[in-house]
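Trainee: quick one: sequence and predicted model below, then my questions.
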Amino acid sequence: MTMVTLCRPIRESWPRFSDRFYRWFPCLSDPGRRSSLGLKVALVALHLVYVGVLFLFDRDLVDKTTKEPWYTAIYLLLFVATLVQYFLTAGSSPGYVLDAIRAARSASTSKQPAASKNGGLVITIDGSQRGSNVLGSNTSSWTKLVMDMYPPGSSVRTWTCTYCNVLQPPRAKHCQDCDKCVLQFDHHCVWLGTCIGQGNHSRFWWYICEETALCIWTGVLYITYLTVNMSKTWWIDVVMILLLVILTISLIFLILLLLFHSYLILTNQTTYELVRRRRIPYLREIPERVHPFSKGICRNLYNFCCARSSIYAMEPLPSAQELEAKSRPYTCLDVLSCRCC
Ligand SMILES: [Zn+2]
Ligand SMILES: [Zn+2]
């Protein structure tokens, strides 16, 4: 009896089994959702393996837990907070253009003009309006709102997404994976299974920050174990060293990512704008060292941390005078007066 003969019954019954499985769990019938769920399960499993191995082999840590429970309690709190932050970020909206259109329509029907704040347009959105059909009516108010942010004489067609047929405000981009236009698009994160944009960039930064802190602490615990217990049991040493090597590589990547996104936040840029600057029509002509949307380090930081909750903030393109002022070389007086802040 060959392997082919053995496998045939399984192969024949597999479609019936999968059909029944997807009838029970219809959300898993989409391959994209399945891979996203698989990644989430893998991430949780990886975290559990690291902590589990530590508490299984490190008797000193277990003894320390009984003597100083607060030490382990803080570590486990960070562990849980990191996982919670991961799921919150993965489940958050990056700020879809369609949602912003709904907010703009709501503002125009309730006769509440969208307010201007910090040079940008701020639209407050009501969560109960999400999911309603918005493209059916009153797209002209959105068109006016968006075209006012571009230089006069710009064509609507230039800024209309060819995939979803919506007018994109500056800094928005269509994501091929989500099949939606995202406000202030940064990148599509495969690890989180969602886009990172205006709505969740802050959460994403906090997630990287927590994950980095957790990796550093876990690394310290692994190194402490190895320095005290090295050469006692060879196979435990091999497992611990292997996990420590993977942890170190992940930590280097996380620190670089954290520094990179901190730089982006301080200069009010996105990954897409930095990497594809020459492909974005309104950034192409601006010198590399000029950050057109930056309002100074302090204001950028404030906008990122404090002014982004439940709002869609759309920033108009800076005028020629503003760009000229930003490209002016720094003088001693500028340094003394903290022009960059
Ligand atoms: Zn689109
Ligand atoms: Zn996406």
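Mentor: Perfect, thanks for sending it. The structure displayed is predicted, hence computed values, not measured ones. Ligands and ions are numbered 1, 2, ... in the order given.
Trainee: now the protein, which segments are flagged as low pLDDT?
Mentor: For the chain, residues meeting the criterion pLDDT under 70 lie at 1-7, 9-11, 13-32, 108, 110-139, 307-311, 329-341.
Trainee: make it 90
Mentor: By pLDDT under 90, the low-scoring segments of the chain are 1-39, 57-69, 99-158, 191, 228-237, 277-292, 294-341.
Trainee: who in it is up against ligand 1?
Mentor: Cys161, Tyr163, Cys164, His174, Cys181 (Cβ under 5 Å from the ion). All C-beta spots, glycine's among them, are computed from the backbone N, C-alpha and C.
Trainee: mark which of the residues you listed are buried, thanks.
Mentor: His174, Cys181 (16 or more other Cβ atoms under 10 Å).
Trainee: could you dump the residues of the chain next to ligand 1 into CSV and include distance to Ile252 and secondary structure?
Mentor: Shown next, in CSV, are these (distance: Cβ to Cβ, whole Å; DSSP: H, G, I helix; E, B strand; the rest coil):
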residue, distance to Ile252, secondary structure
Cys161, 37, coil
Tyr163, 36, coil
Cys164, 38, coil
His174, 32, strand
Cys181, 34, strand
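Trainee: from what I can see Leu167 touches Arg157, true?
Mentor: No - taking Cβ atoms under 8 Å as the definition, Leu167 is not a contact partner of Arg157, at 9.5 Å.
Trainee: contacts only, for the residue of the stretch 201-341 of the chain found nearest ligand 2.
Mentor: Scanning the stretch 201-341 of the chain for proximity to ligand 2 using Cβ to the ion identifies Tyr272 as nearest, at 11.2 Å. If you count contacts by Cβ atoms under 8 Å, 6 or more residues apart in numbering, Tyr272 has them with Lys173, Phe185, Asp186, His187.
Trainee: got a winner among the residues you listed for most neighbours?
Mentor: Highest neighbour count within the contacts of Tyr272: Phe185, with 26 neighbours (other Cβ atoms under 10 Å).
Trainee: all helices for the stretch 101-250 of the chain, in order.
Mentor: Listed in chain order, the helices of the stretch 101-250 of the chain (DSSP state H, counting those that start in this stretch) span 139-147, 201-229, 234-266.
Trainee: which other helices and strands does the shortest one contact?
Mentor: Helix 139-147 makes packing contacts with helix 97-109 when contacts are defined by 3 or more Cβ pairs under 8 Å, 6 or more residues apart in numbering; DSSP states H and E.
Trainee: alpha carbons only: can I get the helix it packs on in PDB?
Mentor: This file holds the C-alpha atoms of helix 97-109, laid out as PDB (Å, rounded to 0.1, in the frame of the first residue of the first chain):
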ATOM      1  CA  VAL A  97     -11.000  58.000   4.200                       C
ATOM      2  CA  LEU A  98     -14.600  56.600   3.900                       C
ATOM      3  CA  ASP A  99     -15.100  57.200   7.600                       C
ATOM      4  CA  ALA A 100     -13.800  60.800   7.200                       C
ATOM      5  CA  ILE A 101     -16.300  61.300   4.400                       C
ATOM      6  CA  ARG A 102     -19.100  60.100   6.700                       C
ATOM      7  CA  ALA A 103     -17.900  62.500   9.300                       C
ATOM      8  CA  ALA A 104     -17.800  65.400   6.800                       C
ATOM      9  CA  ARG A 105     -21.300  64.600   5.600                       C
ATOM     10  CA  SER A 106     -22.600  64.400   9.200                       C
ATOM     11  CA  ALA A 107     -21.000  67.800   9.900                       C
ATOM     12  CA  SER A 108     -22.600  69.400   6.800                       C
ATOM     13  CA  THR A 109     -26.100  67.900   7.500                       C
END
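Trainee: quick one: is it near ligand 2?
Mentor: No - for helix 97-109, no contact with ligand 2 is found by Cβ under 5 Å from the ion; the gap never falls below 12.4 Å.
Trainee: now do that helix against helix 139-147, angle only.
Mentor: Interaxial angle of helix 97-109 relative to helix 139-147 (axes from the mean of the first three to the mean of the last three Cα atoms, to 10 degrees): 110 degrees.
Trainee: list the buried residues in helix 97-109.
Mentor: When burial is assessed from 16+ other Cβ under 10 Å, helix 97-109 yields the following buried residues: Val97, Asp99, Ala100, Ile101, Arg102, Ala103, Ala104, Arg105, Ser106, Ala107, Ser108.
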